[in-house]
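> give me the fold of what follows.
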Amino acid sequence: MNDMTVDQAVIAVALKDEERTRCEVWTRVMGYHRPTSSFNKGKQGEHHERRFFVEGRCRLG
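A predicted model of the protein is given here:
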């Protein structure tokens with residue numbers, strides 16, 4: 001490892017509010033991709049409750 005601590009790394013890449021831009025999140029729904037911002041309120045809620053597969057947590061037999 002180098003001399004830079006985690007806290008210094010976070011400070012080094014921190015952006016001011018005026019430098020930030022909105023990140024648009026897309027997901028695959030019914031075989032095609034679409035932005036989650038176009039979802040209705042119910043679908044947005046379902047999307048926030050999803051659990052994502054993490055391969056590292058799986059163990060064979």
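
> low-confidence ranges, this protein, go.
Where the chain drops to pLDDT under 70, the residues are 1-11, 61.

> who's in contact with the spatially most central residue of it?
The centroid of the chain falls nearest to residue 25 when counting by Cα atoms, centre = their mean (7.8 Å). By Cβ atoms under 8 Å, 6 or more residues apart in numbering, the contact set of residue 25 is 35-37. To be clear about C-beta, it is placed using only N, CA and C from the backbone, and glycine gets the same treatment.

> and if we set it to 6 Å?
residue 36 (Cβ atoms under 6 Å, 6 or more residues apart in numbering).

> all strands in this protein, in order from the N-terminus.
26-29, 32-35 (DSSP state E).

> for residue 46, find the nearest of the ones you listed.
Nearest to residue 46 among these is strand 26-29; the distance by Cβ to Cβ comes to 10.4 Å.

> what lines up beside that closest one in the sheet?
According to DSSP bridges, strand 26-29 forms sheet pairs with strand 32-35 (antiparallel).

> which outside residues touch the partner strand?
24, 26.

> CA-only coordinates of that strand, as PDB, when you get a sec.
C-alpha atoms of strand 32-35 as PDB (Å, rounded to 0.1, in the frame of the first residue of the first chain):
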ATOM      1  CA  TYR A  32     -35.100  -3.900 -23.100                       C
ATOM      2  CA  HIS A  33     -33.300  -1.200 -21.300                       C
ATOM      3  CA  ARG A  34     -35.000   1.900 -19.900                       C
ATOM      4  CA  PRO A  35     -34.200   4.700 -17.400                       C
END
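
> which parts of that strand are buried?
By neighbour count with 16 or more other Cβ atoms under 10 Å, strand 32-35 contains no buried residues.

> what separates that strand from the chain centre, distance-wise?
Relative to its chain's centre, strand 32-35 lies at 16 Å (Cα atoms, centre = their mean, to the nearest Å).
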